[in-house]
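# How does the following fold in three dimensions:
(one chain, ligands or ions: 2)
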Amino acid sequence: MPANLTPEYLKAEGQFRQAKSPEDKLEALRAMLAAIPKHKGTEKMQADIKKKISQTNKELQKKKGKKTGTSYIIKREGAGQICLVGISNTGKSTLLATLTNANPEISEVPYTTKIPYPGMLLYQNIQIQIIDLPSINPYYRLYWIYEIIKKADIVLLVIDVSRDDIIEQISTIKEDLKKSHIELIPASRTVAPEDLYSKRTILLANKMDLASSKDNLPVLLELYQHEFLIIPVSPLEKKNIDALEFTIFEYLDIVRVYSKPPGKPPDHNQPFIFSKGSTLLDMAEAIHKDVKEKLKYARLWKKTGITGLRIPKEYVLEDEDIIEIHA
Ligand SMILES: Nc1nc2c(ncn2[C@@H]2O[C@H](COP(=O)(O)OP(=O)(O)O)[C@@H](O)[C@H]2O)c(=O)[nH]1
Ligand SMILES: [Mg+2]
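Ligands and ions are numbered 1, 2, ... in the order given. You can find the predicted model right below:
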């Protein structure tokens, strides 16, 4: 150890050794750097202190992030989970209020929505969860927004088509989501359930009631219809909302199945929900694992006129099938 270390330095070094929290460590390290004699013989020590300061700073940032960072998890409810994604003021909260029973704050003031806001869309006899998210801001990224997007079944990418910057609106979102490894893909594609990063997307050309939207829509279609299904809407004038609801249901890739006790009519209010491709055996299992084991056969009714058709265990369920299980 160089002989000319001052008492101030040695005192600071002692404080550093005893420091437990990153805050105390940082204070002691700064005192050490201030007190160390600046000459060639201490250059290595100075570099060492600077390195420790930088490491401790990082540790402190991490700790602060944990303390102040709020996180939100939305409990999955209903037959599917959809989230609204877009830059500020594109009308996401207005869409949530139009599609669901929810009452989010709507305003021309950017970044009004600060927390995720779920609502339930009643589509015929099922409920679909729609989540309104804070607007994407590449300069202020809230990591939990991306966690919610990763869990959703479908992304509704909301664009204000009355504005002339539609390309930027879309590229801003795509680039920002990419930072969280999320890629927006056509809703018609199939993704493996474990693939959290490819999100099936429907593009909503919003605010179609405004005159400039009519000029911009052909441009949007020309540029993006090969990539996304595009639905022009106006929640303000309730335009095309039925088509949007129908499309959401279609792309959820689910079937509703009604169970019917022998000799009795089915309950149309309580459908079983299965992903497309599920079989009679999956239905039996959903009722009870004993039912799956004891399943003998089932009979099928359909609106199209099929009445009591005997179906095998491997039968692939279709939307609105009425099924009488014999176990
Ligand atoms: N003309 C028109 N304005 C809309 C429409 N939807 C929303 N807005 C307006 O756009 C502004 C932003 O709406 P908001 O839903 O809060 O946008 P968000 O930031 O994406 O949630 C508000 O002033 C809304 O009234 C629409 O369909 N047509
Ligand atoms: Mg909003």
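
# Does the residue nearest the centre of the chain lie in a helix or a strand, and which?
Nearest residue to the geometric centre of the chain (C-alpha atoms, centre = their mean): Ile149, 1.4 Å. Secondary-structure element containing Ile149, defined by DSSP states H and E: helix 143-151.

# again with Arg141
Judged by DSSP H and E, Arg141 forms part of no helix or strand.

# ok, and what's touching the helix or strand following the helix holding Ile149?
Downstream of helix 143-151, the next assigned helix or strand under DSSP H and E is strand 154-160. Applying C-beta atoms under 8 Å, 6 or more residues apart in numbering, the contact partners of strand 154-160 are 80, 82-86, 89-92, 95, 130, 149, 166, 169-170, 173, 184, 187, 199-207, 220, 228, 248, 251-252. Backbone N, C-alpha and C define where each C-beta goes, glycine included.

# restrict the residues you listed to contacts with ligand 2.
Lys92 (C-beta under 5 Å from the ion).

# just to revisit the earlier point, could you name the helices and strands sitting against the helix holding Ile149?
Helix 143-151 sits against strand 81-85, with contacts defined as 3 or more C-beta pairs under 8 Å, 6 or more residues apart in numbering; DSSP states H and E.

# Counting neighbours, what do you get for His288?
Using other C-beta atoms under 10 Å, His288 is surrounded by 11 other residues.

# gap between the residue nearest to the centre of the chain and Phe249?
Distance from Ile149 to Phe249, counting by C-beta to C-beta, to the nearest Å: 20 Å.

# Please apply the same query to Pro312.
28 Å.

# Among these two, which residue is more densely surrounded?
Phe249 (19 against 10).

# ok, now which ones touch the more buried one?
Contacts of Phe249 by C-beta under 8 Å, 6+ apart are 123-124, 126, 128.

# Most widely separated two among these?
Gln124 and Ile128 (10.3 Å; C-beta to C-beta).

# Let me see the contact set for Lys264.
Applying C-beta under 8 Å, 6+ apart, no residues contact Lys264.

# So which elements touch the helix or strand hosting Ala47?
Element membership of Ala47 [criterion: DSSP H and E] is helix 43-68. Secondary-structure packing of helix 43-68 (3+ C-beta pairs under 8 Å, 6+ apart): helix 22-35.

# counting contacts, what elements does the helix it packs on pack onto?
Against helix 22-35 (3+ C-beta pairs under 8 Å, 6+ apart) you get helix 7-18, helix 43-68.

# coming back round to it: so how far is the helix holding Ala47 off the chain centroid?
34 Å (C-alpha atoms, centre = their mean, to the nearest Å).
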